[in-house]
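[1] Need a 3D model of the following:
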Amino acid sequence: MKNPSIYLKMKVLGAIDIAPGKTRDQRVRSVAEMTFLDEEGNQYRFTWRTIQTWYYRYKNYGITGMDASPRADKGKPRKTTPEEVLEAINQALPHFRQKESDKSRKHTWPPNKTAIYRFCIEKGLLQANQIARNTFSRMVEKYELLKPDPSESNKQRLAFSMQYANQLWQADTMFGPHIGGKQTKLIAFIDDASRVLCHGEFFLEENTDTMIRALRSAFYKRGLPEQLLVDNGSIYCSQEITLICARVGCILRHTAVRDAAAKGKIERFFRRVRDQFLIRNLDLSSLQSLNRQFTDWVEQDYNATIHSTLGMKPIDRFGVDLSRIRFLSPSQDTDELFYAEDTRTVKKDNTFSFQGDRYESPIDMRGREIVVRYERHRKGLPIVYDNGRRLGQARLLDAVANGLARRSDSYSHNS
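    Numbering: from 1, shown residues only. Just a heads-up that it's a prediction; the model follows:
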């Protein structure tokens, strides 16, 4: 496969955080041993260097840097990032630990920065024309790259204590009360740093459609998270959800199997829902009534009550980082981020078939493959995209009108 899709790349990156290994380099190598399925169900494996390249592109340039276009500074020395320095250090330290165990020699631990720098240059882990020794030392000090690793339990705790709002959301589903003989399901999203409930909504079904509806409401209400942490349920692993996250530049991460503690904040919120909301004398005459009461409780009680850990209201803590948050602008084009999509090949007459009808492409795309976005359960004109670029709305083919137009053009030309 010459150029893997964004869907597949983001799926690979999302696996890094849950892969086995103490360092990111080890986790990347673990991911390189995994097999991934693309949109058509084809199996692929990627080298650890490829995965590492995708990681740095996403880290430095976001979703727009995930294509295979050449770098603007290709062929020129470029600065080394702290992440690359850390990876080099992680590969160098085992060498020094091995020498430390050699009783016939005297060595100090931890090794000094100069010794590590020299080793990285000698082994080709870093390039001297990209990072000088003094720069290396300053970077190690600033980012504490030689700081000893905390214990595993402490590492787990720190990994899920984000510094800013919308760096990470946790999402999950819980069973709710019965309405009309059917049990409801609550799909909810909570911000890791502020504990704000970004959005929560009860549904009678738990499927891809309801998940998209909840995700869309959450994005419009609280902005776009950098990462979304979910479990391995079918609605959270669907291609549609992965594509939506890729379109908005959000990494979709999955917890390890049976690792409920990884989503501790959303689990604690569900406990509050059971202990404080569901014990109320609720009006369960309709789903709309239940959701109206739930929204009132979230905004007036949960989000507006001082959190014991934060020492302030979640909504106020969320507001501290408001300037950092990316919000979606309400428009028709933005709505298309949540549409389903399919590929079609445009015929020689600039038409393509879709859901039993023939459409004309908004511009000349004869003989080329296009992406068609459409609302899943609503009949409407499909939207045509080409390599992520919106071309416009397709037109339903009117062969009679086209024939009249051709005759009219021919008549005018002959006259």
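[2] Show me where the stretch 51-200 of the chain has its strands.
    Counting by DSSP state E, counting those that start in this stretch, the stretch 51-200 of the chain has strands at residues 169-179, 182-191, 197-203.
[3] Tyr302: which of those strands is closest?
    strand 197-203 (5.9 Å; CB to CB). Every C-beta, even on glycine, is put in place using the N, C-alpha and C of the backbone.
[4] The closest one: what's the following helix or strand?
    For strand 197-203, the following helix or strand on the C-terminal side (DSSP states H and E) is helix 208-222.
[5] in the stretch 1-150 of the chain, which spans are helices?
    For the stretch 1-150 of the chain, the helices defined by DSSP state H, counting those that start in this stretch occupy 6-14, 24-32, 48-61, 82-100, 113-122, 133-143.
[6] could these be laid out in a markdown table, adding mean pLDDT, distance to Phe318 and mean neighbour count?
    Formatted as a markdown table, the helices of the stretch 1-150 of the chain follow (pLDDT from 0 to 100; distance: least, CB to CB, whole Å; neighbours: other CB atoms under 10 Å):
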| stretch | mean pLDDT | distance to Phe318 | mean neighbour count |
| --- | --- | --- | --- |
| helix 6-14 | 78 | 24 | 21 |
| helix 24-32 | 87 | 29 | 19 |
| helix 48-61 | 76 | 24 | 16 |
| helix 82-100 | 69 | 28 | 16 |
| helix 113-122 | 88 | 39 | 17 |
| helix 133-143 | 85 | 27 | 14 |
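[7] Of those, which is nearest Leu204?
    For the helices of the stretch 1-150 of the chain, proximity to Leu204 was assessed by CB to CB; helix 6-14 is nearest, at 29.1 Å.
[8] what's in contact with the closest one?
    31, 36, 38-39, 44, 46, 51, 54-55, 58, 63, 66, 239, 242-243, 245-247, 251-254 (CB atoms under 8 Å, 6 or more residues apart in numbering).
[9] now it: how far from the chain's centre is it?
    Mean-position distance between helix 6-14 and its chain equals 9 Å (CA atoms, centre = their mean, to the nearest Å).
[10] Could you give the number of residues near Arg268?
    Neighbourhood size, Arg268 [other CB atoms under 10 Å]: 12.
[11] Would you verify that it is located in a helix?
    Yes: assigned with DSSP: H, G, I helix; E, B strand; the rest coil, Arg268 falls within a helix.
[12] could the strands of the stretch 51-200 of the chain go into CSV alongside mean neighbour count?
    Converted to CSV, those look like this (neighbours: other CB atoms under 10 Å):
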stretch, mean neighbour count
strand 169-179, 20
strand 182-191, 21
strand 197-203, 23
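[13] okay if I get those strands as a markdown table plus distance to Thr114 and mean pLDDT?
    As requested, the strands of the stretch 51-200 of the chain are exported to a markdown table (distance: least, CB to CB, whole Å; pLDDT from 0 to 100):
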| stretch | distance to Thr114 | mean pLDDT |
| --- | --- | --- |
| strand 169-179 | 43 | 94 |
| strand 182-191 | 43 | 95 |
| strand 197-203 | 47 | 96 |
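[14] still on that earlier bit, quick one: which of the helices of the stretch 1-150 of the chain is nearest Gln355?
    For Gln355, the closest of the helices of the stretch 1-150 of the chain is helix 6-14, at 21.7 Å, according to CB to CB.
[15] so that closest one versus helix 24-32, what angle?
    Helix 6-14 runs at 130 degrees relative to helix 24-32, counting by axes from the mean of the first three to the mean of the last three CA atoms, to 10 degrees.
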